[in-house]
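>>> below is the structure, and that's it, no one-letter string:
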């Protein structure tokens, strides 16, 4: 009985956290802490954003490999990505072994050829101008981050908001 009550409290707590916009990041892509989702701000380069990954073959691969979890927060049923926004429409992204934005190298942006299990990493990101209505995400916090260096740009309409550390 105590276990059932504890589970109910946890479930209610998670629903309340979602309702007020709290996000707990436990991945090394950004600092591990509690964030609050700000849906009123217009995201700009340098912000950490919450964005729903699309329901495509690359995100399905990420889910199968354990890079991306299932969640109720996005239409794709994948957990929202919390990543730094590094390029927007009109920016030029150069994709080589490392990433350059408008000619400036991005720290810790080296692309891995294989993941920690030896599986080849996707190579779908291409050099070019970020199209209108799309954004580029890249974590310099963790060189193993699942981000645009592997899948390219994402639709800006999938952005849920800017996340800011609560403490």
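Perfect, I can see it now. Here the structure is a predicted model, which means the values were calculated and not measured.

>>> need the residue closest to the centroid of the chain.
residue 81 (2.7 Å; CA atoms, centre = their mean).

>>> could you find the closest non-adjacent residue to residue 119?
residue 65 (6.7 Å; CB to CB, 6 or more residues apart in numbering). Every residue, glycine included, has its C-beta placed from N, CA and C.

>>> what do you get for residue 153?
residue 134 is the one closest to residue 153 (CB to CB, 6+ apart), at 3.8 Å.

>>> pull the contacting residues for that neighbour.
Contact analysis of residue 134 by CB atoms under 8 Å, 6 or more residues apart in numbering lists 89, 153-156.

>>> surely residue 36 is in contact with residue 24?
No: applying CB atoms under 8 Å as the test, residue 36 and residue 24 come out as separate, 10.8 Å apart.

>>> more neighbours, these two?
residue 36 (16 against 12; other CB atoms under 10 Å).

>>> picking that back up, the contacts of residue 134: which two are farthest apart?
89 and 154 (12.1 Å; CB to CB).

>>> so these two - more neighbours on which side?
A count of neighbours by other CB under 10 Å puts residue 154 above the other of residue 89 and residue 154, at 23 against 14.

>>> which residues does the more buried one form beta bridges with?
Per DSSP bridges, the residues bridged to residue 154 are residue 135.

>>> correct me if wrong: it contacts residue 131.
No: look at residue 154 against residue 131 with CB under 8 Å: they stay out of range, at 10.9 Å.

>>> on that earlier part again, ok, the residue nearest to residue 119 - contacts?
115, 117, 119 are the contacts of residue 65 under CB under 8 Å, 6+ apart.

>>> top of the residues you listed by neighbour count?
residue 115 (15 neighbours).

>>> can you pull out the low-pLDDT segments for the chain?
6-20 (pLDDT under 70).
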